[in-house]
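Undergrad: Give me a model of this one.
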Amino acid sequence: MIELERSFFDEMVGHGLAAFPNEACGLLAGKEGRPVKFFAMRNQDASTVSYRIDPKEQLQVETEMEDEGGRPSGCFHTHTHSEAFPPRPIRIGRSGRRSGRSLGWPCSRTPIT
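TA: Purely as a prediction, here's the structure:
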């Protein structure tokens, strides 16, 4: 379980609503096990059923995270046309570390808060 400050949650919801009806995605930077910054990312798929983060954009964001003393700590995406479900483990960060953290809301224009 990951605990988010309200400001990060609000950023994620705003990003999701701005991308609707397509899925939105992003990365969380963390320090000492706590999220410190949300990075809204472009969904390279521009799809209502899938998302893909551009590898070049991901590298830029991860470099910024490292420069600020953080590291990738979570991946975010929305489900705009299906119920949220646990993701398969994904690789984040240059180390290829696996992360099973998932954040999302069910299909609707109004997120559950």
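
Undergrad: alpha carbons only for contacts and neighbour counts from here, please
TA: Fine.

Undergrad: Where does pLDDT dip in the protein?
TA: Scanning the chain for pLDDT under 70 picks out the ranges 1, 82-113.

Undergrad: Helix or strand: which one has the residue most central in space within the chain?
TA: Centrality entry for the chain: nearest residue to the mean C-alpha point is Phe76, 2.1 Å, by CA atoms, centre = their mean. Counting by DSSP states H and E, the element that carries Phe76 is strand 71-77.

Undergrad: Now find how far off-centre that strand is within its chain.
TA: From the chain centre to the centre of strand 71-77 is a distance of 5 Å (CA atoms, centre = their mean, to the nearest Å).

Undergrad: The residue nearest to the centre of the chain pairs with what?
TA: On the basis of DSSP bridges, Phe76 is bridged to Gly26, Leu103.

Undergrad: Adjust the sequence numbering to begin at 27 for everything that follows.
TA: Will do, 27 is the new start, and the previous item becomes Phe102.

Undergrad: Surely Pro47 is in a strand?
TA: No. Under DSSP: H, G, I helix; E, B strand; the rest coil, Pro47 falls outside any strand and is assigned coil.
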